[in-house]
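Colleague: structure for this input, please:
(chains A and B)
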Amino acid sequence: MSAELLSAIVEVSVRFSETDPMGIVWHGNYVKYLEDGREAFGEKYGFNYMDVYQQGLYAPVVKMDFNFKKPLMYSEKAIVETTYIDSPAAKIQYTYKIFKKSNNELLTTASTTQVFVNDSGTLILTTPPSFMEWKKKWGIVS
Amino acid sequence: MEASENLILKLKRQIIEELALEDFEPADIGTDESLFDEGLGLDSIDALSLVVILDKDYGIQVLDPEQGKKILYSIRTIANYIVENQS
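Modeller: Alright, predicted model coming up:
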């Protein structure tokens, strides 16, 4: 496994509609920030979900975990850092760190797990060849 | 040929380690009980880790999901499958 972890960063702006009456981002909206993070990661490392779909596979999120340390307020900007965590199992795991842009303070940590299913919804037990190729390309596996 | 008690114990230890089942001892896992749902309570993400154990440590690939459900049902079904298929 490569010593260097693959990670990508993206900036998100807090919309008024994402905040609750206290003026802080409602926790459910962080799910979308993680998706922004995964999209940025996919763009940077050429990991495109459409490639997965074209093989008749889907990669649903099946597990998500958050640790909300400090709030994010309306009009603030945040930086989402998304890091790929490799596993020999047929799954895609990311960890996330969300920082306040103005002072780099760590506000939230999170992780997600995705698995592969076919168009009948059946779980794929081994890493799909295209995903293995992607891992090889980035030196994650030899 | 039936799987040996040694293999069964080794498998239990590997599963405890791979799935980080803290506070579990091999004796806590029934050899014939379901590893999933009403048994040990593993889920489908855990099943993917069991598939990795079979591949890395025993050189056995489980590709077919339906077959996988039967093989991975319990410690004994896994152990018997290893005995029958290991070259």
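
Colleague: and the strand or helix carrying residue A:133, how far out from the chain's middle?
Modeller: Assessed by DSSP states H and E, residue A:133 sits inside helix A:129-137. Distance of helix A:129-137 from the chain centroid (C-alpha atoms, centre = their mean, to the nearest Å) equals 18 Å.

Colleague: buried sites along it?
Modeller: A:131, A:134-135 (16 or more other C-beta atoms under 10 Å in any protein chain shown). (Each C-beta comes from the backbone N, C-alpha and C, glycine too.)

Colleague: so which of the residues you listed are also by chain B?
Modeller: For chain B, no contacts are drawn from the buried residues of helix A:129-137 by C-beta under 8 Å from any C-beta of the partner chain.

Colleague: pLDDT for the residues you listed - can I get that in TSV?
Modeller: Formatted as TSV, those follow (pLDDT from 0 to 100):
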residue	pLDDT
A:131	91
A:134	92
A:135	94
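
Colleague: which positions in chain B make contact with chain A?
Modeller: Applying C-beta under 8 Å from any C-beta, one finds that chain B approaches chain A through B:44-45, B:47-49, B:51-52, B:55-56, B:61-65, B:68.

Colleague: just these: which are in helices?
Modeller: B:44-45, B:47-49, B:51-52, B:55-56, B:65, B:68 (DSSP state H).

Colleague: so what's the residue nearest the centre of chain A scoring on pLDDT?
Modeller: Centroid-nearest residue in chain A, with C-alpha atoms, centre = their mean: residue A:38, separated by 3.7 Å. As predicted, residue A:38 sits at a pLDDT of 96.

Colleague: again with residue B:1
Modeller: Residue B:1 is assigned a predicted lDDT (pLDDT) of 69.

Colleague: tell me which residue of chain A lies closest to chain B.
Modeller: Going by C-beta to the nearest C-beta, chain B is nearest to residue A:89 of chain A, at 3.9 Å.

Colleague: just the element for that residue, please.
Modeller: Here residue A:89 is assigned to no helix or strand, by DSSP H and E.

Colleague: and it, its phi and psi?
Modeller: phi -80, psi 160 (degrees, to the nearest 10).

Colleague: chain neighbours aside, what residue packs nearest to it?
Modeller: Excluding its sequence neighbours, the residue lying closest to residue A:89 (C-beta to C-beta, 6 or more residues apart in numbering or on different chains) is residue B:48, at 3.9 Å.

Colleague: what's the answer for residue A:132, then?
Modeller: Nearest-residue entry for residue A:132: residue A:141, 7.0 Å, with adjacent residues in sequence omitted and distances by C-beta to C-beta, 6+ apart.
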